[in-house]
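A.B. asks: Predicted structure and sequence below. I'll ask about it afterward.
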Amino acid sequence: MNVTLIESISYRNKCAGSCSVKSTLESCWVVLTQRLCPTKLQGRVGTYRTACTKGMTTHEKYRLQLLADILKKVPWLVTIARFFWRLRQPRFTVGVVGVVFNAHDEVLLVEHVFHPQKPWGLPGGWVDKNEPPATAVIREFAEELGIVITIQQLLLVDLAHRHHLDVAYLCRQETGIKTLSNELLNHGWFDTGSLPKLQRFHRKAIAHGLEAQQKMSEVV
């Protein structure tokens, strides 16, 4: 049964082009509920029976609860999901940010929707497959704020955790801010002496940016 289950999950991921742990786990959930709902889940409370029927997209919390219960009973599914996910990933995932100062040495920050604990941070995002990091940060500024930037220099590369690199560039703003993406709530220019709560890497990048700005002004 285990071999057939793994083959079913692998086939679903291959067809769907799954590229995340979440989607792989969802594939596991589909296979398991199809196998378990007719037998082992019979007689459970109505919420679980509802979750096993079509139209469960309107009851996502029940689906997630069921998935959580299944993973508690067969925790090795998480290991399988991670295995399939890692097969489709590079050795490292890479994130990029850009440090931009205005004429008053204020730094440009954006407020992110999906960072509830520390919503403010430097503009940036993920590097796409086969995309140079410098190209990625230019793209992210255009997508998030609708502005054109030029790269001045590489500031910092840091290993955030085992499989993730963060890269920061000092950038120059060439055009005004035209829009905000649907991932952002706001943007603003902040004095570097009174910054909001930021991720450690963002603070380090801003500090390196200030040093680079000072050296560049001394040369001029």
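C.D. replies: The structure has been received and is ready for your questions.
A.B. asks: for the host helix or strand of residue 190, packing partners?
C.D. replies: Here residue 190 is covered by strand 184-191, with elements defined by DSSP states H and E. Applying 3 or more C-beta pairs under 8 Å, 6 or more residues apart in numbering; DSSP states H and E, we find strand 184-191 packed against strand 106-112, helix 133-145. For the C-beta atoms, the positions are set from N, CA and C on the backbone; glycine is no exception.
A.B. asks: Could you list the buried residues of the longest one?
C.D. replies: It stands for helix 133-145. Residues of helix 133-145 classed as buried by neighbour count (16 or more other C-beta atoms under 10 Å): 133-134, 136-138, 140-142, 144-145.
A.B. asks: before we move on, the earlier item: select, out of the helices and strands packed on strand 184-191, the one closest to residue 168.
C.D. replies: Distances from residue 168 to each of the helices and strands packed on strand 184-191 were compared by C-beta to C-beta, and the smallest falls on helix 133-145, at 8.6 Å.
A.B. asks: In TSV, list the helices and strands packed on strand 184-191 along with mean pLDDT and distance to residue 88.
C.D. replies: What follows is the helices and strands packed on strand 184-191, written out as TSV (pLDDT from 0 to 100; distance: least, C-beta to C-beta, whole Å):
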stretch	mean pLDDT	distance to residue 88
strand 106-112	96	25
helix 133-145	97	19
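A.B. asks: Minimum distance to residue 87: which of those has it?
C.D. replies: Short answer: helix 133-145, nearest of the helices and strands packed on strand 184-191 by C-beta to C-beta, at 22.9 Å.
A.B. asks: what comes into contact with that closest one?
C.D. replies: Outside of helix 133-145, the residues within contact range by C-beta atoms under 8 Å, 6 or more residues apart in numbering are 94, 96-98, 110, 123-128, 131, 147-149, 151, 167, 169, 171, 177-181, 183-184, 187.
A.B. asks: Mind naming the longest helix for the chain?
C.D. replies: In the chain, assigned by DSSP state H, the helix with the most residues is helix 200-219.
A.B. asks: Can you report how many residues lie near residue 64?
C.D. replies: Around residue 64 sit 14 other residues, with neighbours defined as other C-beta atoms under 10 Å.
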